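Trainee: Predicted coordinates and the sequence they were generated for:
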Amino acid sequence: MDKTRKSGYNVLESTNTRVPMTIRNQVPMSANKLPHGAFQWTLSFNLDQLQADHFLVEGLELPSNLRYAVKKRQIEFLCGRLCAKACMENLGYEAPPLIPTGEDRAPIWPAELVGSISHTDRLATAVVGRATQIESIGIDIERVIAEATPQLIKHICCDLDELEGVRDAQKISREEALTLIFSGKESLYKAIYPQLRRFYGFQAARVKAFGSNRLKIMLVTDLSDNFEEGTSWDLQSRMPSADLIETMVLKPRL
Ligand SMILES: CC(C)(COP(=O)(O)OP(=O)(O)OC[C@H]1O[C@@H](n2cnc3c(N)ncnc32)[C@H](O)[C@@H]1OP(=O)(O)O)[C@@H](O)C(=O)NCCC(=O)NCCS
């Protein structure tokens with residue numbers, strides 16, 4: 001992974017703007033136009049400077065289950081939804097609605113869209129595309145793991161070949177490689193879940209590096225007729241800052 005490039009993705013076009021509107025005035029947002037007509041918006045924020053009611057002007061209101069949640073959870077949720085809204089605007093929605101959450105915590109996208117959201121305490125991001133062009137998409141941001149202990153490696157169901165393969169090919173530390181594998185598996189989970197509709201564990205997938213620029217994530221277990229062992233996705237990764245790793249899986253519709 002080239003750490004000097006903040007965007008390691010196959011990005012067609014990028015902008016860095018402070019959109020002159022409302023809450024978007026207060027938070028730096030950046031957009032990436034991705035392949036297959038998808039968009040990504042990322043927002044960096046300072047929890048101390050934001051309140052939930054700053055988002056009302058965008059039509060983003062907290063759902064009832066988050067009204068009494070801690071502020072960190074409320075702001076992360078709203079920042080993720082603002083990124084999703086900006087992506088939907090790029091896709092031609094004039095007044096995108098707030099994406100609701102299902103009982104399983106997964107966002108409920110309009111039938112014609114596929115999307116995914118991730119956040120940390122200072123960065124939120126969303127990717128959204130058209131279901132006619134994209135079969136599945138998932139995104140995840142993780143803080144770099146402090147120490148790649150044997151317990152953690154086991155928890156992520158990562159074997160040493162997988163870990164060393166990613167580390168050597170990407171020329172990153174063991175901790176960064178383990179974080180990338182973990183994040184890649186979380187991205188895949190988010191991409192698959194809307195069709196699979198059930199939980200599955202980290203043992204189901206494996207990350208493989210092909211040189212320094214290409215990563216794949218592959219199912220090593222049959223999950224369903226649509227998600228059989230051997231199904232693979234391109235996996236992209238980048239480091240938005242020295243302590244964060246972001247991954248994205250995207251499968252275009254053939
Ligand atoms: C659901 C999960 C993926 C969330 O990831 P996380 O790193 O904890 O948190 P992130 O900030 O990256 O993502 C949270 C967002 O994911 C989305 N999300 C939650 N559950 C989801 C699901 N089942 N499917 C798709 N997206 C989901 C939501 O948009 C959520 O944000 P919101 O609550 O503000 O809407 C994770 O907690 C989880 O349960 N993983 C399952 C185990 C797994 O990954 N197995 C790997 C298989 S190879």
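Mentor: Right, received. Where do you want to start?
Trainee: Could you identify the helix or strand that succeeds the lowest-mean-pLDDT helix or strand in the chain?
Mentor: Lowest on mean pLDDT, DSSP states H and E among the helices and strands of the chain sits strand 13-17, with a mean of 58. Using DSSP states H and E, the helix or strand that follows strand 13-17 in sequence is strand 29-33.
Trainee: Kindly export the biggest helix by length in the chain (C-alpha atoms) in PDB.
Mentor: For the chain, the helix that runs over the most residues, judged by DSSP state H, is helix 174-196. Taking Å, rounded to 0.1, in the frame of the first residue of the first chain, the C-alpha atoms of helix 174-196 are listed here in PDB:
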ATOM      1  CA  ARG A 174       2.400  -6.600  10.700                       C
ATOM      2  CA  GLU A 175      -0.100  -4.400  12.600                       C
ATOM      3  CA  GLU A 176      -1.100  -2.600   9.500                       C
ATOM      4  CA  ALA A 177      -1.500  -5.900   7.600                       C
ATOM      5  CA  LEU A 178      -3.700  -7.400  10.300                       C
ATOM      6  CA  THR A 179      -5.800  -4.200  10.400                       C
ATOM      7  CA  LEU A 180      -6.200  -4.300   6.600                       C
ATOM      8  CA  ILE A 181      -7.300  -8.000   6.700                       C
ATOM      9  CA  PHE A 182      -9.700  -7.200   9.600                       C
ATOM     10  CA  SER A 183     -11.100  -4.200   7.800                       C
ATOM     11  CA  GLY A 184     -11.400  -6.000   4.500                       C
ATOM     12  CA  LYS A 185     -13.400  -8.700   6.100                       C
ATOM     13  CA  GLU A 186     -15.700  -6.100   7.700                       C
ATOM     14  CA  SER A 187     -16.100  -4.400   4.300                       C
ATOM     15  CA  LEU A 188     -17.000  -7.700   2.800                       C
ATOM     16  CA  TYR A 189     -19.500  -8.400   5.500                       C
ATOM     17  CA  LYS A 190     -21.300  -5.100   4.900                       C
ATOM     18  CA  ALA A 191     -21.300  -5.800   1.100                       C
ATOM     19  CA  ILE A 192     -22.700  -9.300   1.300                       C
ATOM     20  CA  TYR A 193     -25.200  -8.800   4.200                       C
ATOM     21  CA  PRO A 194     -27.900  -7.000   2.300                       C
ATOM     22  CA  GLN A 195     -28.300 -10.200   0.100                       C
ATOM     23  CA  LEU A 196     -27.300 -12.900   2.600                       C
END
